[in-house]
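J.: Below are the sequence and a predicted model; questions follow.
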Amino acid sequence: MHLRCISLLTAAAGLALQPAGAVPHSPRDQDAGTCKKTTVAILGGGIAGIAAAQALANASVHDFAILEYRDTIGGRAWHKPFGKDKDGKPYIIEMGANWVQGLGNPGGPQNPIWSLAQKYQLKTQYSDYDNISTYNEHGYKDYSHLLSEYDDAYDIANAKAGEILLNNLQDQSAQSGLALAGWNPKKHDMEAQAVDWWKWDFEDNFTPLESSLVYGCAGDNLTVNGFSDHDNFVLDQRGFNTIIKGMASEFMKENDPRLHLNTEVTEIQYSKDGVTIHNKDGSCVSAAYAICTFSLGVLQNDAVKFTPSLPEWKQTAIQKFTMGTYTKIFMQFNETFWPKNTQYFLYADPAMRGWYPVFQSLSMPEFFPDSNILFVTVTNELAWRAERQSDEETKQEIMAVLRKMFPDQQIPEPTAFLYPRWSTEPWSYGSYSNWPPATTLEMHENLRANAGRLWFAGEATSPTYFGFLHGAWFEGRDAGQNIAAIMQNRCVNVESDKLRECGPRKHWETLHGTTPLADYSALTGWMADSFLNTNSE
Ligand SMILES: Cc1cc2nc3c(=O)[nH]c(=O)nc-3n(C[C@H](O)[C@H](O)[C@H](O)COP(=O)(O)OP(=O)(O)OC[C@H]3O[C@@H](n4cnc5c(N)ncnc54)[C@H](O)[C@@H]3O)c2cc1C
Ligand SMILES: *[C@@H]1O[C@H](CO)[C@@H](O)[C@H](O)[C@H]1NC(C)=O
Ligand SMILES: *[C@@H]1O[C@H](CO)[C@@H](O)[C@H](O)[C@H]1NC(C)=O
Ligand SMILES: *[C@@H]1O[C@H](CO)[C@@H](O)[C@H](O)[C@H]1NC(C)=O
Ligand SMILES: *[C@@H]1O[C@H](CO)[C@@H](O)[C@H](O)[C@H]1NC(C)=O
C-alpha cells in the first residue's frame, strides 16, 4: 500500500523555519543576521531554477529569491544575433540548446518542453536526421549503408541494455555493447568512425567508450519511446529561452524583486537548519532552504565554495559524472555553395575522428530560407581544442575541410563567423552531462541528494533525462515540490524510505563494489601475499 503525501493546507503551521540567526556556525555567523532573508533561495535562473520557483508558487510558497549570474534568465538556452538577412537584420541563433527532443505522440505523454513550446508559440521545424549525405576527403562518397548497420546493432545493444538494467547486472561501455551487437568500427575505417561519432557523440558528446551502455540506452528510450522520436529545431527569433521567460511571467511580474540578476554566488554555507549564500558583490541571502541548479561543470570546477566542504559521497558523485562540450560553429556565406536540398553533411576525416564531422544547413526553405548559414558541430577534445583557438585559426581549418568536401566549388570566405566557448563559460563550464560506464544509480542518487537544507537540481540530476531541457524541468519541479511539501508537513512516513513519496532524498555513505573480498585469492589470480600486497618485511 502506498502512503501518500497528505495535503494539509495548514501550510503556515508547518513552517518550522529557523530564524535567520540559526544559520550555519562559521566566522561569518554575525553576517547572516544582516543578510536578506527568504524562505527558499534558488541558485540559478535556468529552466531548472524557474521550474523550481514555479513549483513553489504553485504550492503557495511565494517567498523565494532567484540568484542568477547573468543579466537574463534561461541559462543554457542562450541565443545571440548572428550575420544578417536581406534587410540587414541579424538572425537569432542558439548557442546552447537548439532542439525540442522527443515531442510526444497524440494521446501519449507530452514532453513538458514541447507543451511550453506550443503554449508560447515557439517557432520550430522538424529536424530529419536521416536527411544526411556522406563525404570523405575526396568529396561526396556514399557510405550511408553504415548508418543502417549501426542502427541494426544499436537495436540489439539496446535490448541487451534493458536486460542488464532489469536484472541488475554489471554495466558495460556503449562501445562494448555495440561491438557485441555487431558494430565494431575498425580504428582505421574513418567512414565507420564518422558514423560512430554521428550516431553517438553527436548526442552524448562523449565517445561510446566513455559512455554507459545501460543509462545511455535507457535515457534514449525514455525520451524517444517515452515521448516520441521527433526532434524539432528551434528557429524562433525571440530565442529558445522565450519559453522559460513565459513560464516565469506566470508567477513573477516584470522586474520582480525576487529575481536577482547579475548576481554571482561565490559561497554557499549550508547546514541542517538553513543556508546562507554569499555573492561576489558582497551581498548575502539567508534562507531556510536552497536549491542549487548550477551545472555539473560549475560544481566540478570549484567555481563556488561550499562551507563546510561537501561530504565525500557528494564530491565523489560530482567528479564521477562527466560534463561534455558541444560547440556549434556558425558561418554565413554570400551564397549557398552546398546542396540546397540536404540538411546534414557528414564528413569522414582521414586522420582524425570527430574532425569537423557534421555540417548542418540552415539555408533550406523550412529553416532560414536563403540565409546561406551553415554550422558545424564539434564535441569534447575537438571542441576544447577549437575553443582554445582564435576564430581565424578555426575558420581556416573548416575552410580546408569544406574544400575537400566540395572539390568542384569555389568556397568563399564566410561573411560572418561565430561560436561560443562553452568549456570556459564561468556560469556553465561545459555544455551538458553524461553518464559514464560502470556508474550505478546509487552513485547518481548521491549526485541528486540534498546535503542538509541544500538541495540540488538541474539537467545532471535527472537519471532519466540528463542532458536535456526536459530533464532540468522535471528536476527543478521535483525539488520545488519536495521543499514545499516538507515545509507544509505534507510528507508523512519520512522514516520509511520505501513508503514515502516525498521528503529529503536518500544518499549512500558507502558505495560497495561487487566482488566479495574472499574472491581476491590465488584462485582468481590475485597473486599477492596480503590483500593489498603491503607486506611489512
Ligand atoms: C551547446 C548545447 C546544446 C544543447 N542542446 C540541447 C538540445 O538541443 N535539447 C535539449 O533539450 N537540451 C540541450 N542542451 C541541454 C540544455 O541546455 C540543458 O539541459 C538545460 O538548459 C539545463 O538547465 P539547468 O537549469 O539545469 O542549467 P542552466 O541552464 O545551466 O541553469 C543554471 C543557471 O545557473 C547560473 N549560474 C551558474 N553559476 C552561477 C553562480 N556562481 N552564481 C549565480 N548563478 C550561477 C547560470 O548562469 C544558469 O543560468 C544543450 C546544451 C548546450 C550547452
Ligand atoms: C504550475 O501549475 C501550472 C498550472 O496548473 C502548470 O501548468 C505548471 O506546469 C505547474 N508548474 C510546475 C513547475 O509544476
Ligand atoms: C531532404 O529533404 C528535402 C526536403 O526538405 C528533400 O527534397 C530531399 O529529398 C531530402 N533528402 C534526403 C536524402 O532525404
Ligand atoms: C529500450 O526499449 C526497447 C524497446 O522497447 C527495449 O527492448 C529495451 O530493453 C529498452 N532498453 C533499456 C535500456 O531500457
Ligand atoms: C561570393 O563571393 C565570392 C568571392 O569571395 C565571389 O567569387 C562570388 O561571386 C560571390 N557570390 C555571390 C553570389 O555574390
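T.: Done, it's in. Ligands and ions are numbered 1, 2, ... in the order given.

J.: How is Glu392 assigned, secondary-structure-wise?
T.: Under DSSP: H, G, I helix; E, B strand; the rest coil, the three-state class of Glu392 is helix.

J.: if I've got this straight, Ala400 is in a helix?
T.: Yes - under three-state DSSP, Ala400 sits within a helix.

J.: Point me to the helix or strand that includes Ile268.
T.: Taking DSSP states H and E as the definition, Ile268 sits inside strand 265-270.

J.: Nearest to ligand 4: which residue in the stretch 51-200 of the chain?
T.: Gly162 (1.8 Å; Cβ to the nearest ligand atom). Quick note: C-beta positions are derived from backbone N, CA and C, even for glycine.

J.: re the thing from before, is whichever helix or strand comes after the strand holding Ile268 positioned near ligand 1?
T.: Going down the chain from strand 265-270, the next helix or strand is strand 275-279, by DSSP H and E. No - if you take Cβ under 6 Å from any ligand atom as the test, strand 275-279 misses ligand 1, and the best it gets is 7.4 Å.

J.: Show the secondary-structure elements that strand 275-279 is packed against.
T.: Packing partners of strand 275-279 (3 or more Cβ pairs under 8 Å, 6 or more residues apart in numbering; DSSP states H and E): helix 29-32, strand 36-43, strand 265-270, strand 284-292.

J.: ok, the longest one: who's next to it in the sheet?
T.: Pointing back at strand 284-292 there. Note on strand 284-292: by DSSP bridges, its sheet partners are strand 36-43 (parallel), strand 275-279 (antiparallel), strand 454-456 (parallel).

J.: Now do the second one, average pLDDT.
T.: Just to be clear, that refers to strand 275-279. Averaging pLDDT along strand 275-279 yields 98.

J.: Residues contacting that strand, please?
T.: Residues from elsewhere that reach strand 275-279 (Cβ atoms under 8 Å, 6 or more residues apart in numbering): 23-24, 28, 31-32, 35, 41, 43, 67, 263-270, 284-290, 452-454.

J.: That one to strand 265-270, inter-axis angle?
T.: Angle of strand 275-279 versus strand 265-270, following axes from the mean of the first three to the mean of the last three Cα atoms, to 10 degrees, is 170 degrees.

J.: The first one now?
T.: Here strand 36-43 runs at an angle of 100 degrees relative to strand 265-270 (the same axes, to 10 degrees).

J.: Quick one: residues in contact with strand 36-43.
T.: Looking at what lies outside strand 36-43 - Cβ under 8 Å, 6+ apart - the contacts are 15, 17, 20, 49, 52-53, 56, 61, 63-67, 258, 265, 268, 275, 277, 283-294, 480, 483, 487.

J.: Heading C-terminal from it, find the next helix or strand.
T.: helix 47-58.

J.: Which strands or helices does that next one pack on?
T.: Judged by 3+ Cβ pairs under 8 Å, 6+ apart, helix 47-58 is in contact with strand 36-43, strand 64-67, helix 242-249, helix 469-487.

J.: let's go with 10 Å and repeat that
T.: Here helix 47-58 touches strand 36-43, strand 64-67, helix 112-119, helix 242-249, strand 259-260, strand 284-292, helix 469-487, going by 3 or more Cβ pairs under 10 Å, 6 or more residues apart in numbering; DSSP states H and E.

J.: which stretches of the stretch 401-537 of the chain aren't confidently modelled?
T.: 493-500, 529-537 (pLDDT under 70).

J.: which stretches of it form helices?
T.: Using DSSP state H, counting those that start in this stretch, the helices of the stretch 401-537 of the chain run over 441-448, 469-487.

J.: what sits against Glu397?
T.: Contact analysis of Glu397 by Cβ atoms under 10 Å, 6 or more residues apart in numbering lists Ile329, Trp355, Tyr356, Val376, Leu382, Arg385, Ala386, Gln389.

J.: Can you tell me how far it is from ligand 4?
T.: Distance, Glu397 to ligand 4, by Cβ to the nearest ligand atom, to the nearest Å: 37 Å.

J.: Specify the local secondary structure of that residue.
T.: Glu397 is classified as helix under three-state DSSP.

J.: circling back to that earlier point, determine which stretch of the helices and strands packed on strand 275-279 is the most buried.
T.: strand 284-292 (a mean of 27; mean count of other Cβ atoms under 10 Å).

J.: hang on, the earlier thing: mind checking the helices and strands packed on helix 47-58 for the one nearest to ligand 4?
T.: Of these, the one closest to ligand 4 (Cβ to the nearest ligand atom) turns out to be helix 469-487, at 16.1 Å.

J.: does the closest one come close to ligand 2?
T.: Yes - using Cβ under 6 Å from any ligand atom, helix 469-487 reaches ligand 2 at Arg477.

J.: before we move on, the earlier item: in JSON lines: the helices and strands packed on strand 275-279, plus distance to ligand 3 and mean pLDDT.
T.: Listed next are the helices and strands packed on strand 275-279 as JSON lines, based on distance: least, Cβ to the nearest ligand atom, whole Å; pLDDT from 0 to 100:
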{"stretch": "helix 29-32", "distance to ligand 3": "59", "mean pLDDT": "52"}
{"stretch": "strand 36-43", "distance to ligand 3": "42", "mean pLDDT": "98"}
{"stretch": "strand 265-270", "distance to ligand 3": "45", "mean pLDDT": "98"}
{"stretch": "strand 284-292", "distance to ligand 3": "43", "mean pLDDT": "98"}
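
J.: Looking at those, which is nearest to ligand 1?
T.: Across these, the minimum distance to ligand 1, taken as Cβ to the nearest ligand atom, is reached by strand 265-270, at 3.6 Å.

J.: give me the number of residues near Gly219?
T.: A count of nearby residues for Gly219, using other Cβ atoms under 10 Å, gives 25.

J.: Please read the previous query as pertaining to Leu67.
T.: Neighbours of Leu67 using other Cβ under 10 Å come to 23.

J.: same thing with the one 5 residues further on?
T.: If you count neighbours by other Cβ under 10 Å, Thr72 ends up with 14.
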